[in-house]
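Enquirer: Fold the following.
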Amino acid sequence: MARVYLSRVNGQLDDYLLEALTFLDWENLVPVNARVFFKPNLTYPTPKEGVTTTPEFIASILKVFAKRTPNLIVGESDGGYRGWQAELAFQTHQLPEICQQYGAKLVNLSKEPKESVEISVSNKVVKLY
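Expert: Here you go, the predicted structure:
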């Protein structure tokens, strides 16, 4: 059965994130020292309310997960049909500093090597990169 946690944040974001993760039984889903990948929503080159994931949220989630594992990765691709490089969004969202603070690796997915995998979708084999 799917579970959903809903709460209004009226205080320290870290506390609410930990409460939500505990509700979702995250300790059984994320083993100690697991490798965890975060893909924020940086669909605009600068922080934009209601559009991009805030630097505060990214910092809070990394802070919470860093207590469970040192293997944290934050990754994003170049944006806007390659209208800007991910590094611009990283800078304007303060990600180099945030990732350094919590020991997370910051990755531009557009610059990583790609490999293909084949999966079955509606009885059709589809190749994804």
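Enquirer: which residue ends up closest to the midpoint of this structure in space?
Expert: Phe38 (2.3 Å; CA atoms, centre = their mean).
Enquirer: Show the contacting residues for that one.
Expert: Ile58, Ile61, Leu62, Phe65, Leu72, Ile73, Val74, Gly75, Ala104 (CB atoms under 8 Å, 6 or more residues apart in numbering). The way it works is simple: take the backbone N, C-alpha and C, and place the C-beta from them, glycine included.
Enquirer: Please flag which of those residues sit within strands.
Expert: The strands, defined by DSSP state E, take in Leu72, Ile73, Val74, Gly75 from the contacts of Phe38.
Enquirer: could you redo those as JSON lines and give each row neighbour count, distance to Thr43 and pLDDT?
Expert: Compiled in JSON lines, the ones in strands among the contacts of Phe38 are given as follows (neighbours: other CB atoms under 10 Å; distance: CB to CB, whole Å; pLDDT from 0 to 100):
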{"residue": "Leu72", "neighbour count": "21", "distance to Thr43": "22", "pLDDT": "98"}
{"residue": "Ile73", "neighbour count": "14", "distance to Thr43": "19", "pLDDT": "98"}
{"residue": "Val74", "neighbour count": "23", "distance to Thr43": "15", "pLDDT": "98"}
{"residue": "Gly75", "neighbour count": "17", "distance to Thr43": "14", "pLDDT": "97"}
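Enquirer: Turn the residues you listed into JSON lines, columns for distance to Glu115.
Expert: As requested, the ones in strands among the contacts of Phe38 are exported to JSON lines (distance: CB to CB, whole Å):
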{"residue": "Leu72", "distance to Glu115": "22"}
{"residue": "Ile73", "distance to Glu115": "17"}
{"residue": "Val74", "distance to Glu115": "21"}
{"residue": "Gly75", "distance to Glu115": "15"}
